[in-house]
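Trainee: Here's my sequence, what's the structure:
(chains A and B)
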2 protein chains.
Amino acid sequence: MPRKRLMTPGPTEVPEAALQAMGRQVTHHRTPQFRALLAEVLEGLKHVLRTDNDVVLLASSGTGGMEAAVTNLVPRGGKALVLESGVFSRRWSDICRRYGIDVHTVAVPWGQAIQTKAVEQALRAHPDAVAVFGTLMESSTGTGHDIEAIGSVVGASDALFVVDGISGAGAMRCLTDAWHVDVLVVGSQKALMVPPGLAVLSVSAAAWRQMDRIQPQAFYFDLKLHRAKLAGPDTPWTPAHTLIAGLAESLRLIRAEGIENVWQRCERLAEMTRAGVVAMGLEVFSDRSAAGMTAVRVPAGIDAGQLLSRLEQRFGVKLASGQLELKGKIFRIAHFGLLDELDIIATLAAIELVLDELRHPVKLGAAAAAASLALRESERTLHVATS
Amino acid sequence: MPRKRLMTPGPTEVPEAALQAMGRQVTHHRTPQFRALLAEVLEGLKHVLRTDNDVVLLASSGTGGMEAAVTNLVPRGGKALVLESGVFSRRWSDICRRYGIDVHTVAVPWGQAIQTKAVEQALRAHPDAVAVFGTLMESSTGTGHDIEAIGSVVGASDALFVVDGISGAGAMRCLTDAWHVDVLVVGSQKALMVPPGLAVLSVSAAAWRQMDRIQPQAFYFDLKLHRAKLAGPDTPWTPAHTLIAGLAESLRLIRAEGIENVWQRCERLAEMTRAGVVAMGLEVFSDRSAAGMTAVRVPAGIDAGQLLSRLEQRFGVKLASGQLELKGKIFRIAHFGLLDELDIIATLAAIELVLDELRHPVKLGAAAAAASLALRESERTLHVATS
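Mentor: Have a look, this model is predicted:
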C-alpha cells in the first residue's frame, strides 16, 4: 500500500494535535471548561476570517450552513440574486427555491468567474434584492472570485452579501468585514483542517437586523436561537464538541503561522501547480484559477477515471474528479491545509509519471522543474518585498 | 484532580476503540472503503434498533433529526398529536408549530408518563392526525414510556408514529418495527457511545409513502435526498465520517454484548439505582422511571447546585441537574453506555458521602448495600430464567 496523500478540496489532512484532541475521552459540554474552549475557538475563527462580527458554530455539513443563511435572511417571496458559476454556487439557487424565494441569477459558463460589472447590473435591475449569494472559491471549477470587488458593489446597495467560503475561507485571502461580507459560511473539513461535521457562519450587524425582521422557517438552523447563547458562549443544541476540540488545535496552528502567511503559502502552491500543469502541456481549466485549488483539463485521449485511479494505486495520491457536467473533463488538485511545496512537486511528478505510463507525451521532470522555478521566483519576490 | 466519572444522560463515555478510530487520519468519504463502513454501520443500527426499515444518518444533533421527521412527514396546516411529558417532548411541539402544523397535545405533569388510554382518546378525537410524536425516554424527567402499548394504539389508527429515542434507544428495550414505530430518532452521544454530531432515523415504508406525498420545507434535512443515496450507501451531503468510524466501533461492542443483554444490563442498573436512592431516604422523581436513567428529588434543605458541584469536585462524579421548571428540584443519574454495576454502587456511595458532608441525615453504606442486594436479586432472577 503506498503512503496516502490526500490532495482533495476537502476533506484535508488533519494535524496530529487535532487528531489527538478528538481521540481524547469526551467530557460534558455544559461546563466552564467547554465554554472556555468555545470562546477560544470563536476568537480564533474571527482571526482567521478577518471579522469582528459574531461567529456561530453549527453541527452540520457546509450545506446546512448555507441553508441557515438563506432561511434566516430571505423571507418566502423575497428576492435573491445568486451568482452561479458551478455545482456549489448552484446550490444557493436550489436552497432558495426550496424556500419559495424569488431567485434571479448572474450565471457564467463553468470555469469562468462572475464579473463584478454583471453583479452591478443585476443589482440595478433588482434594487429590491434582499441578498446576493456568492462563492469565494467555486471548488467544482477551481475558480476564485474577486469577492473584494463584488463586495464593494453589493456593499453600495441595499442587499446583504452572503458568501459561500466553505472550501475557500482559510485558503484564499478573504477580509470578511473589509469586503462587506455580511454572512460568510465555512466548513470544518477544508482549510480549517478538521473532519466534516461543523459549519461556521460569521454574521454582521446588518444581517442580524434583517434576521430580527423575519421568522426563519427552520428550527435547528434558526440563528437567533444561536445568538441568544453567544454570551456564554454556549449553543442551543448539543454541539459536536469533539470536532470543536479538534478545531481549537487547528486554529492554534493557523494562528501560529499567521493567516496572512497561510494565504501566501496557498498562493505560492497555486503558482507552482499552474506552472507544473502548463509545463506538462496540460491546461488550467478556470479563467480565474483559485489560490486554494487548481482544476486541470483532462488531455484528449486520456480517461480521467483511469488517470485518477492509477495515481491513487501507484502513489497514494488522491485527487478529485470533475462533478456532473465536468465529470471526465477535469481533475482537481487542492493546495491548502497542511500541504506544502514538496507535496505539490511530488503530486505533479506523480501525474507526469502516470501520464507517461498511459503513453501521453510528457517530458519527465518538466513539471517539477517548472514548479521549483515558480517556488524560487515567489521566494525572490517575497525577499524583495520584505527586505 | 479526581478521576472523571461521566454519569450524565449524554454525552456518555466513549469506548477506547471508538476514540482510536476517531483519532486516525481522515480519508475521503466518496470511496468504496467509506461505503463499506457506512453499510456496516447502517446494518449495525438496524440490529440495535430492531428494525428492517431504512436507516438514515444525518450530520446534526438529535434536534436536527427531530426536525427532519417533522418537516418530511407533516405538511403545513396538517395535524399532529404531541405526547408532552417534559422538556424534550415539548420540543416536538415547538418544531411542529414553527412549521405551521396544527398541534394537539396529550400532556401530563412532568414526572408522569403518558397514558395509552389518553392517546387512544386523542386519536379518536383527531382521526385526521397525520402523526403522533412521542418519546421513548423523556430524559428531563427520567420517565420511560410504554412505547409498545402506545404503538399498538397508534398502529391501529391512520396516523404515523414518530418516537424520539434520542437518549432512550439502545438503553431501553425498543422493538421499533414490532411496536409500530414509523420513525425513530436517535442521537449518537447517548447509548450509541460516540460524541455528539450524528442523528439516526429509522424510516418505515408507510413513512416513506407519506414523504412521497409532500415536499418538505427543509433542504439539508430532506430525507428523500438521503433515500436516493441509500443504495450506495452514500449521503447527499458530506457525512461526519470520523464520527461514523467511531460509531462502527461502538456498534461492534454492542453487537458483541447483544442488544438484549445491553437492555437487561440497563434495567439491572436502574433497579440498583432506585434501590440505592430509596435506601438513602431520597425519592425517585418519575412515576415510570426509565431503564436508562433515574431522576431523583433533591431533598428539602439541600441545594442541588452545591450537591452536584461537590460530587464533581470531590469524586469526579458528573450528574445532570434539572432543567427549566425542574432546576434545583431534581438531579439525574444516567445508567447506560459503558457503565456497569460498580459504577452505580460507587456513584450512590458518593452521593451518600456528599449528603453526609452537607449534614443531610444518611446512614453511610445503606445505598451500596441496597444496590448490592438488588444486583444479587436480579442475578438470581436471571439464573432462574436461564436455568
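Trainee: tell me the secondary structure for the spatially most central residue of chain A?
Mentor: By C-alpha atoms, centre = their mean, chain A has its centre lying nearest to A:Ser167, at 1.5 Å. Following DSSP: H, G, I helix; E, B strand; the rest coil, the label given to A:Ser167 is coil.
Trainee: Is A:Leu201 part of a helix or strand, or is it coil?
Mentor: Three-state call for A:Leu201 (three-state DSSP): strand.
Trainee: mind checking how far it is from B:Ala199?
Mentor: 20 Å (C-beta to C-beta, to the nearest Å). C-beta here means a position set from N, CA and C on the backbone, and glycine is covered the same way.
Trainee: Now chain A against chain B: closest residue?
Mentor: Taking C-beta to the nearest C-beta, chain B has its nearest neighbour within chain A at A:Gly23, 2.5 Å off.
Trainee: For that residue, which residues are in contact?
Mentor: Taking C-beta atoms under 8 Å, 6 or more residues apart in numbering or on different chains as the criterion, A:Gly23 is in contact with B:Leu19, B:Gln20, B:Met22, B:Gly23.
Trainee: Report the residue ranges of every domain in chain A.
Mentor: What automatic domain parsing lists as the domains of chain A is A:16-257, A:258-386.
Trainee: Of those, which is nearest B:Ile150?
Mentor: Taking C-beta to C-beta, domain A:16-257 is the member of the domains of chain A nearest to B:Ile150, at 24.4 Å.
Trainee: same question for that closest one, mean pLDDT?
Mentor: Average pLDDT, domain A:16-257: 97.
Trainee: how about the nearest residue to A:Val203, chain neighbours excluded?
Mentor: Excluding the flanking residues, the one nearest A:Val203 by C-beta to C-beta, 6 or more residues apart in numbering or on different chains is A:Asp54, at 5.0 Å.
Trainee: Tell me how many other residues surround the one you found.
Mentor: For A:Asp54, the neighbour count with other C-beta atoms under 10 Å in any protein chain shown is 19.
Trainee: Over to the one 4 residues further on?
Mentor: Burial measure for A:Leu58: 29 neighbouring residues, criterion other C-beta under 10 Å.
Trainee: Repeat that for A:Arg227.
Mentor: Neighbour tally, A:Arg227, other C-beta under 10 Å: 17.
Trainee: so it touches A:Val55, yeah?
Mentor: No. A:Arg227 lies out of contact with A:Val55 (C-beta atoms under 8 Å); the separation is 10.9 Å.
Trainee: Check the residue nearest to A:Thr143 when sequence neighbours are not counted and give its pLDDT.
Mentor: Nearest residue to A:Thr143, sequence neighbours excluded (C-beta to C-beta, 6+ apart): A:Ser286, at 4.3 Å. pLDDT for A:Ser286: 98.
Trainee: would you say A:Ser286 is within a helix?
Mentor: No. Remark: A:Ser286 does not belong to a helix; assigned using three-state DSSP, it is coil.
Trainee: Who are the contact partners of it?
Mentor: Contacts of A:Ser286 by C-beta under 8 Å, 6+ apart are A:Gly111, A:Gln112, A:Ala113, A:Thr141, A:Gly142, A:Thr143, A:Gly144, A:Thr294, A:Ala295.
Trainee: Any chance of a markdown table for those residues, columns secondary structure and neighbour count?
Mentor: Formatted as a markdown table, these follow (DSSP: H, G, I helix; E, B strand; the rest coil; neighbours: other C-beta atoms under 10 Å in any protein chain shown):
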| residue | secondary structure | neighbour count |
| --- | --- | --- |
| A:Gly111 | coil | 23 |
| A:Gln112 | strand | 16 |
| A:Ala113 | coil | 21 |
| A:Thr141 | coil | 32 |
| A:Gly142 | coil | 29 |
| A:Thr143 | strand | 28 |
| A:Gly144 | strand | 26 |
| A:Thr294 | strand | 27 |
| A:Ala295 | strand | 29 |
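Trainee: Just flag the most distant two among the residues you listed.
Mentor: Farthest-apart pair in the contacts of A:Ser286 is A:Gln112 and A:Thr294; separation 15.5 Å (C-beta to C-beta).
Trainee: Near chain B, which residues of the stretch 51-200 of chain A? Just list them.
Mentor: For the stretch 51-200 of chain A, the residues in contact with chain B (C-beta under 8 Å from any C-beta of the partner chain) are A:59-64, A:67, A:94-95, A:98-99, A:187, A:189, A:195-197.
Trainee: Return the subset of those residues lying in helices.
Mentor: Among those, the residues falling in helices (DSSP state H) are A:Gly62, A:Thr63, A:Gly64, A:Glu67, A:Asp94, A:Ile95, A:Arg98.
Trainee: For the buried ones among those, write the corresponding ChimeraX selection.
Mentor: If you want just the buried ones from these in ChimeraX, going by 16 or more other C-beta atoms under 10 Å in any protein chain shown, the selection is:
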select /A:62,63,64,67,95,98
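Trainee: count of residues packed around the nearest residue in space to A:Arg310 that is not next to it in sequence?
Mentor: Leaving aside its chain neighbours, A:Arg310 sits nearest to A:Val354 (4.7 Å; criterion: C-beta to C-beta, 6+ apart). A:Val354 is flanked by 23 other residues according to other C-beta under 10 Å.
Trainee: quick one: pLDDT of A:Val354?
Mentor: 98.
Trainee: Kindly state which of the domains of chain A is positioned closest to B:His241.
Mentor: domain A:16-257 (6.3 Å).
Trainee: Centre of the chain to the closest one, how far?
Mentor: Counting by C-alpha atoms, centre = their mean, to the nearest Å, domain A:16-257 is centred 10 Å from the centre of its parent chain.
Trainee: just stretch A:345-359 next, same as before
Mentor: The answer for stretch A:345-359 is 27 Å, by C-alpha atoms, centre = their mean.
Trainee: pretty sure A:Ser204 is touching A:Val183, no?
Mentor: Yes. Look at A:Ser204 against A:Val183 with C-beta under 8 Å: they come within range, at 7.0 Å.
Trainee: These two: who's more crowded?
Mentor: A direct count of neighbours by other C-beta under 10 Å for A:Ser204 and A:Val183 places A:Val183 higher, at 32 against 21.
Trainee: ok, that one to A:Ala206 distance?
Mentor: 10 Å.
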